[in-house]
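Enquirer: next one to model:
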Amino acid sequence: MTDPILVTGATGNTGVSVVAGVRDRGLRARAASRHPDPADPDAVAFDWADAGTFPAALDGVGAVYLVAPVGAADPVPMVRPFLEQAATGGVRRVVLLSSSAVRRGEPGLGEIHDLVAGLFAEATVLRPSWFMQNFVGNHPLAESIRHAREIVTATGAGRLGFIDAADIAATAVVALTAREPVDAELLLTGPESLSYADAAALVSDVLGVPVRHVDVSTAELARRLTAAGYSAEFSAVLAGLDERIRAGEQDFVTSTVRDLTGCPPTSLRHFLAEH
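Expert: Sure, this is the predicted structure:
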């Protein structure tokens, strides 16, 4: 593949590593973001809320790494015109970042999954579990750990296969650059299924201070997320996902990261120790 690969969300959790991974393979990655790096000749201004930025971003590209607008409860109205332009402009391959909790056709990311699969012959949808990055950086979970020594969820004893964004990115790079298209849908997890109580114990061990898991109702979690700055609509979506974890829907692990990249996925303990 000699055409540039467009990476949306190029400054985000996975996008930074996708750009680096593509370039490490000697290929061109067009890094698309609202604030492109002026020192990067392949960076381009891109804003989901401004369709006028789409043509320059898509010009001449053969593949796209697609990260939908973050924080939008319904991203479809912004993403659909972009995908239609990409399809008519000659893009052959799209790798979409979705979620293990969202199936094809479901509202939001599931609808985008459906669009990508319908518009592009070479389409791969990554469905990762919850990001380990939520425990660090600028995220309500991390803020609660730092300021209250608490992890507050509505998940109960539900378990999930937390995954490092770097492992997602490595899988995305394979899907974007492989000579032949990879599977149409990839469930991605870390190496083990853990409850948030398990995660709190690991955080406690790494930090050397007690951190506890606090289980709240779905409504209370939505209220807390809204107070943290998310819209009420998006907060309700996120809190609803916690209900699904509580019900056991996310209690599984897959070997997909190892199978595609040849490297084992990062454990939560290792990630926390590193970060």
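Enquirer: from here on, contacts and neighbour counts on C-alpha atoms
Expert: OK.
Enquirer: this protein - how does it break down into domains?
Expert: Following automatic domain parsing, the chain resolves into domains at 5-128, 130-163+190-250+265-275.
Enquirer: would TSV of those domains with mean neighbour count be doable?
Expert: Formatted as TSV, the domains of the chain follow (neighbours: other C-alpha atoms under 10 Å):
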stretch	mean neighbour count
domain 5-128	19
domain 130-163+190-250+265-275	18
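Enquirer: which among the ones you listed is found nearest to Ala178?
Expert: domain 5-128 (10.5 Å; C-alpha to C-alpha).
Enquirer: any idea which residue sits dead centre in the chain?
Expert: Closest to where the C-alpha atoms of the chain average out (C-alpha atoms, centre = their mean) is Leu97, at 5.4 Å.
Enquirer: next one, pLDDT for the residue nearest to that residue when sequence neighbours are not counted please.
Expert: Nearest non-adjacent residue to Leu97, counting by C-alpha to C-alpha, 6 or more residues apart in numbering: Leu126, 5.0 Å away. pLDDT recorded at Leu126 is 98.
Enquirer: need the three-state assignment for Leu126.
Expert: Put simply, Leu126 is strand when judged by DSSP: H, G, I helix; E, B strand; the rest coil.
Enquirer: for it, which residues are in contact?
Expert: Val95, Leu96, Leu97, Ser98, Ser99, Ile168, Ala172, Glu185, Leu186, Leu187, Leu188 (C-alpha atoms under 8 Å, 6 or more residues apart in numbering).
Enquirer: C-terminal to the helix or strand hosting the first one, what's the next element?
Expert: Assigned by DSSP states H and E, Val95 belongs to strand 93-97. Proceeding N to C from strand 93-97, the next assigned helix or strand is helix 109-119, under DSSP H and E.
Enquirer: show me what that next one is packed against.
Expert: helix 76-88, strand 93-97, strand 122-128 (3 or more C-alpha pairs under 8 Å, 6 or more residues apart in numbering; DSSP states H and E).
Enquirer: and the strands in the chain?
Expert: All strands of the chain, identified by DSSP state E, fall at 5-7, 29-33, 43-45, 63-66, 93-97, 122-128, 150-153, 159-160, 185-188, 194-195, 212-215.
Enquirer: how about those strands in TSV, adding distance to Gly137?
Expert: Shown next, in TSV, are the strands of the chain (distance: least, C-alpha to C-alpha, whole Å):
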stretch	distance to Gly137
strand 5-7	22
strand 29-33	19
strand 43-45	24
strand 63-66	23
strand 93-97	20
strand 122-128	19
strand 150-153	14
strand 159-160	20
strand 185-188	22
strand 194-195	21
strand 212-215	19
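Enquirer: so for Ala232, which of those sits nearest?
Expert: Distance to Ala232, taken as C-alpha to C-alpha, is lowest for strand 150-153 among the strands of the chain, at 16.6 Å.
Enquirer: give me the contacts around that closest one.
Expert: 141, 144-145, 196, 200, 211-216, 221, 242.
Enquirer: need the max-distance pair from these.
Expert: With distances taken as C-alpha to C-alpha, the most widely separated pair in the contacts of strand 150-153 is Val211 and Asp242, at 19.6 Å.
Enquirer: between the strands of the chain, which one is closest to Pro265.
Expert: Taking C-alpha to C-alpha, strand 185-188 is the member of the strands of the chain nearest to Pro265, at 9.4 Å.
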